[in-house]
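Chemist: Quick check, what structure comes out for this input:
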Amino acid sequence: MKKFDFINKWPFHLSLIIFSIVADQLTKLWALVRFTNETGAPNHDYINVIGDLVRFQLVFNKGAAFSSRPQDLMPFLPPWVFFLLISIVATFVLLWFYKSIDKRDWMSRLGVVMILGGAVGNFIDRMRLSMVVDFIDCDFPDFIMTRFPTFNVADSFVTVGVAIVILSPVILKKIHQEIKNEKEAKKDNGSKRHSERNEEESL
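Modeler: Below you'll find the predicted structure:
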């Protein structure tokens, strides 16, 4: 694993966040140039990448997650303020989670970094355009839905990041068990010292 220790270092994590933001914004810029007309409206054109299974087609998402509208959730706030507050809170939560992860759990740390990079990419869209640019359109088994909701590179980073965090306890089972045992041992030692201190005070 020493060959890949750089994966668990903050310079790599910062570079990955920057890469995810740049890749997301560049691909969205391409989609805007390729799939809009002179007025800036979608031209309803599309490009087949893998037949009809994967194609590029521009869609503007003016809502929040699952196309929910911020004005329905908090009508007293302008949409840009709503998204700004949500993004600030989410960023602080992700940074806190990142700092709380044991350094041996490199997968969870990597996953959080990918989630953060993707979240920033979509946040830039909302502040700059008041909507998110989506352009990756994938087919889906018809017994579930006709097609998967259109997404972008930032969404991909978030989704993969979440999957990595979820899979970390399974793939790094031994490391997670070691971390859990150490926490339990510290907790037991703390309880023991507390009991001894109480006994001394009672004497």
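Chemist: where does this structure have its least confident helix or strand?
Modeler: Here the helix or strand of the chain ranked lowest by mean pLDDT, DSSP states H and E is helix 70-73, holding a mean of 60.
Chemist: Now do the strands in this protein.
Modeler: 47-50, 54-61, 132-138 (DSSP state E).
Chemist: mind listing what's buried in the last one?
Modeler: For strand 132-138, the buried set under the neighbour-count rule, 16 or more other CB atoms under 10 Å, comprises 132-137. The C-beta positions use only the backbone N, C-alpha and C, and glycine is treated the same way.
Chemist: And for the second one?
Modeler: For strand 54-61, the neighbour count (16+ other CB under 10 Å) marks 55-61 as buried.
Chemist: now that strand: how far from the chain's centre is it?
Modeler: Centre-to-centre, strand 54-61 and its host chain are 20 Å apart (CA atoms, centre = their mean, to the nearest Å).
Chemist: show me what contacts Leu53?
Modeler: Residues near Leu53 by CB atoms under 8 Å, 6 or more residues apart in numbering: 138-139.
Chemist: Apply 10 Å and report the result again.
Modeler: 137-140, 147 (CB atoms under 10 Å, 6 or more residues apart in numbering).
Chemist: pLDDT weak spots in the protein?
Modeler: In the predicted model of the chain, residues 1-4, 63-76, 141-145, 190-203 satisfy pLDDT under 70.
Chemist: And the residue nearest in space to the middle of it, how far from Tyr98?
Modeler: The residue lying closest to the centre of the chain (CA atoms, centre = their mean) is Ile115, at 2.1 Å. Using CB to CB, to the nearest Å, we find Ile115 at a distance of 10 Å from Tyr98.
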